[in-house]
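>>> Need coordinates for the following:
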Amino acid sequence: MAGAYGEHRDGADRGRRALRTERHLRILEFVSEHGGADVTALAAWLEVSGATVRRDLQHLHDQRLLQRTHGGAVTGDAGAELPLRSRAERFHAEKRDIARAAAELVPEGAVVGLTGGTTTTEIARLLARRGPVTIVTNAVNIAAEMVPHPQVGVVVTGGQARSRTWELVGPGAERMLADYHTDITFLGVDGIGVDRGCTTHDPLEAATDRAFLAGTAEAVVVADRSKIGKATFARICPVDAVRRLITDAAQDHEELARMRGRGILVTSTGPLRDGRPVEAGPGGH
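Purely as a prediction, here's the structure:
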């Protein structure tokens, strides 16, 4: 009985943490979009008490993710970019589905480029269990996970480390990537749409991502539904620079239809047909 109670308590604690993280993400997105928000409006929008919102805002202020003000908050220096550990908890099941669809594109023995991100990390884990494969990455967390797997060759770029994303970026990373060719590269983004293309929060990261794209035979964006139609600060490339998008967004999402119209192959891991992800090319569904 004690063991069962302990498991129940652990499960309840995990559930509360997940709800709190989701709430923090929604607050950051709201504040980023509107430039600021007051406690009363956030409490009504989130359907929680004002006391809960004030605690959330103080936590996010302490993490330097926004700036606490009297009665509310405004956008901080970091905007809506959460650290990697926090982002990993959001849409976790959906990201694993996207990763499975992505891994199916990788033939045995391929050289795979992986930028940083929670979804690309899931792809690396799947490839490591399957092997053999060579992974070229600028994400130190991915590299650290791959090193113990003897069937995985790991190439890590140099560069300047970003603490929020655990990525190596800048001229050092770009120079090293110029010397390598990958069969396929999976690109994590903070936003993707026809009008602004693929975007991220940091200009150095955007430049390093472009170096990945310059040296690959096939570029694939992996993005959960929160990234579709969104644009963040730094542009990586036009949407036409990638061949394929894998996402959990609904097939009839207006932005996905626009991308198909531009010739992008779109794989949706949301609604399934015959137990497999649904892929559609231009004009498809």
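>>> List the residues that contact the closest residue in space to Ala103 that isn't next to it in sequence.
Nearest residue to Ala103, sequence neighbours excluded (CB to CB, 6 or more residues apart in numbering): Leu126, at 4.3 Å. C-beta: built from backbone N, CA, C; applies to glycine. Leu126 makes contact with 99-100, 103, according to CB atoms under 8 Å, 6 or more residues apart in numbering.
>>> Dump these into JSON lines; add secondary structure and pLDDT as well.
JSON lines is the format used below for the contacts of Leu126 (DSSP: H, G, I helix; E, B strand; the rest coil; pLDDT from 0 to 100):
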{"residue": "Ala99", "secondary structure": "helix", "pLDDT": "96"}
{"residue": "Arg100", "secondary structure": "helix", "pLDDT": "97"}
{"residue": "Ala103", "secondary structure": "helix", "pLDDT": "97"}
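>>> Run through the stretch 51-200 of the chain and note the low-pLDDT ranges.
75-91 (pLDDT under 70).
>>> Do I have it right that Gly71 meets Gly36?
No. Using CB atoms under 8 Å, Gly71 is not in contact with Gly36, being 10.1 Å away.
>>> now the contacts of Leu126: which count as buried?
When the contacts of Leu126 are checked for burial by 16 or more other CB atoms under 10 Å, the buried set is 99, 103.
>>> one step back: quick one: which of Gly71 and Gly36 has more around it?
Gly36 (15 against 11; other CB atoms under 10 Å).
>>> Once you drop chain neighbours, what's closest to that one?
Val74 (3.9 Å).
>>> hang on, isn't the one you found packed against Gln67?
Yes. Counting by CB under 8 Å, Val74 does reach Gln67; the two are 5.0 Å apart.
>>> The two: which is more packed in?
Gln67 (16 against 13).
>>> element containing that one, please.
Secondary structure from DSSP states H and E places Gln67 in strand 66-69.
>>> Okay, now the sheet partners of that strand, with direction.
Applying DSSP bridges to the sheet, strand 66-69 is found paired with strand 72-75 (antiparallel).
>>> CA atoms of the strand it pairs with as CSV?
Provided in CSV are the C-alpha atoms of strand 72-75 (Å, rounded to 0.1, in the frame of the first residue of the first chain):
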residue,chain,number,x,y,z
GLY,A,72,1.9,42.6,-13.9
ALA,A,73,4.9,42.1,-16.1
VAL,A,74,6.6,43.2,-19.3
THR,A,75,8.8,41.4,-21.8
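>>> I appreciate the help and will end here.
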